[in-house]
Structure formats: C-alpha cells, structure tokens
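*Asks:* sequence below, structure please.
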Amino acid sequence: MIHTGLQNKVAIVTGANHGIGAATAKALAAEGVAVLMNFLRMPHLDGVKGQSAAEIEITTPGLAYYNHQRSKSAEEVVQAIRERGGRAEAIEADLADPATIPLLFEQAEALLGPVDILINNADYCTADTFQSGSTDLAPGGYAITEITSETHDRHFAVNSRAVALLIAEFARRRRARGIHWGRIISITTDGAPGFFHEISYGASKYALESYTRAAAEELGRYGITANIISPGPVQTGWITPELEAQIAAETPLGRAGQPEGSR
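*Replies:* Numbering: from 1, shown residues only. The predicted model follows:
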C-alpha cells in the first residue's frame, strides 16, 4: 500500500461540481483529505440552431449533456464523499469576484481547518475567434463568437486573475501560520500556447501556467510546491460519441481521457 501522507489534510478544489474537479475531490477524500468544493452553476452554451436538451438524450455526451453537467450543484459530490466516510463541504461562488477568494479560505478554515492543498481546476470557457462572422462550431458543438472585451475579460477574470489571487491567499495564510508545507496544483490544457477558435480560453490558461511556474520558484523555500497538469481531451461531457471516436483514433492509448483516470 502506498501512503500518500495526505491523511487529515484540507484541500480547496475549485470547479468541483462535475468532471475533473469532482473526480479530484473524490480522489483526495479517499486519501483522508477534507475537501471544500467551490463551484458555480453555469448558463447553457449556445449550439446548433434548434438543438436542445429535449432533442438529445441527456445521458449521451454532447452539448445538451455538457450543459446539464455545468448547471449542477456540487451536492451529489458532497454526498458521495460523505457516504464513504469522508469530510466534504461545498460553496457556490463566482471566482470572477475577487471577494470570493478570501471567503473560500475563511469557509474552509471554519468548517474543516487550515488549507494545505489548493487545486485550481475551475475554468470559464466560451468559444471566441479573430474571424469576423465565423459560422463554425467549436469541437463540442457550441457556437463561436468574435472576440470582444467581455469575452476576453471574463476568461482572464476566472482562469488567470482568480488563480493568482488564490495562490497569493494560500501562500499568505500558510506563511502566517509558520507551516512549512503546501501543495498547489493548477489544471490547464494542452492547447494553452494557442487555441484555435477558443483564443481567450487558451491565452488565459497560458497565463495560469505562468503564475503557477512563478509560484513554484517563489514559494518552494516555504515548503510549498506548485505543479501544472495539462491533459489532452477529457470526457467531461462535451465530447460527442463521433468526436470521441476521432480522438481515440488519433491517441496512442486509443481513448479519450477520463476524469477518474484510466479504466
């Protein structure tokens, strides 16, 4: 048996109502970590005209299913962890609001204890492009719009600024307590250096990577490590069966990624 040393640690996992965040929260809880899950129920993405949840089987991955997953609370995840004897709490709050950042730590400390682990998983993603009047669709089937100040700022508020503030708050509180240990994990995308038709998403994730690398350099002296996970396509509900078959054919392992890992 591998002893991870995580027993009785406390973690904040952002974007934990479904997908990678939910799987991460469950995996940490299985190792004895108490988890505070942050989430935000998101409005539905627009897709092909006339396409709706009523027209697509809700259990089939694709736009309607993905919209359903994004609109859920984290209560199912909390319940699943508690049923297995773990400790978990959830708080719905928008990371685009800077006031959310200290609130998450205050809630975690009040309910579970000082935060030892920070998982930056939450993201904001709408498809935008430099191509004016594009009628293309993103790989998940949702609509693409021309970049605006709003699409730019919303991506960077959640994917970049919130991550920087979370890391800073985490480091400040660890140092104030004189604790020489901490773990920061940031989830990005293999398309961060340049993301066709999701340009603001890719750019904001690249900024997340830069902040996390800087944290690794600056905070290592305090026993805090910072690492980046950059997965390829992961089936969090947005990959249609047709697209999943294409991904499998182009991937050495012959499959798309799964939030829980290999099966």
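*Asks:* quick one: the helices in the stretch 51-200 of the chain?
*Replies:* 63-70, 75-83, 100-111, 149-156, 162-176, 199-219 (DSSP state H, counting those that start in this stretch).
*Asks:* mind checking which of those helices is nearest residue 26?
*Replies:* helix 75-83 (6.1 Å; C-beta to C-beta). Every C-beta, even on glycine, is put in place using the N, C-alpha and C of the backbone.
*Asks:* quick one: buried residues of that closest one?
*Replies:* By neighbour count on 16 or more other C-beta atoms under 10 Å, the buried set for helix 75-83 is 77, 78, 81.
*Asks:* same thing with stretch 115-127?
*Replies:* Residues 115-127 are the ones in stretch 115-127 that count as buried (16+ other C-beta under 10 Å).
*Asks:* wouldn't residue 228 be in contact with residue 210 here?
*Replies:* No: counting by C-beta atoms under 8 Å, residue 228 stays clear of residue 210, with 9.9 Å between them.
*Asks:* more neighbours: which of the two?
*Replies:* Per other C-beta atoms under 10 Å, whichever of residue 228 and residue 210 has more neighbours is residue 228, with 19 against 14.
*Asks:* for the more buried one, name its beta-bridge partners.
*Replies:* Note on residue 228: beta-bridge partners by DSSP bridges are residue 186.
*Asks:* what do you get for residue 36?
*Replies:* residue 12, residue 89.
*Asks:* I'd say it and residue 12 touch.
*Replies:* Yes: taking contacts as C-beta under 8 Å, residue 36 lies within contact range of residue 12: 5.1 Å.
*Asks:* run through the stretch 151-263 of the chain and note the low-pLDDT ranges.
*Replies:* 262-263 (pLDDT under 70).
*Asks:* contacts only, for the nearest residue to residue 156 once chain neighbours are set aside.
*Replies:* Nearest non-adjacent residue to residue 156, counting by C-beta to C-beta, 6 or more residues apart in numbering: residue 204, 4.8 Å away. Shown in contact with residue 204 (C-beta atoms under 8 Å, 6 or more residues apart in numbering): 124, 155, 156, 158, 159, 160.
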